[in-house]
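Q: coordinates only, no sequence provided:
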């Protein structure tokens, strides 16, 4: 039988390991729950790509390399804050919202939109997350 001290130490070590694994997550990739694998749209149709974001941390999403203008074009982007807890109250500070990128399909084809979640002032540091989103225009 293990001593109580040994059992506590083992439990703490397991908790620290589990927390570390959760905190690390799949660095370099956003979770699949954040974005569908692909979007299929018709020419002339508009669509949004919504990514969870928390600008209070200094991080923001950028579209890397732009969009393939022959298939889709970026119409604009905006940050949508989290909903207020009660009507008339401001949204809570420090909670994540969504960065919304609006696109329009301009011609049939397939393209991949690459997004990076990073702090713009950190030079020489890779993004915290990246997302590659496939778009098919019919």
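A: That came through fine. Computed from a predicted model, the values in this text were never measured in an experiment.
Q: now do the most centrally placed residue in the chain against residue 102, distance only.
A: Per CA atoms, centre = their mean, the C-alpha nearest to the average position across the chain is that of residue 51, at 4.1 Å. To residue 102, residue 51 is 13 Å away according to CB to CB, to the nearest Å. Glycine gets a C-beta too; all of them are placed from N, C-alpha and C.
Q: how about the helices in this structure?
A: Secondary structure of the chain (DSSP state H): helices at 4-24.
Q: care to break it down by domain?
A: For the chain, the structural domains run 1-27, 31-137, going by automatic domain parsing.
Q: so how far is residue 71 from residue 135?
A: Noted for residue 135: a distance of 7 Å to residue 71, by CB to CB.
Q: I meant to write residue 125 there.
A: 31 Å.
Q: want to throw the domains of the chain into JSON lines with mean pLDDT?
A: Below are the domains of the chain laid out as JSON lines (pLDDT from 0 to 100):
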{"stretch": "domain 1-27", "mean pLDDT": "37"}
{"stretch": "domain 31-137", "mean pLDDT": "87"}
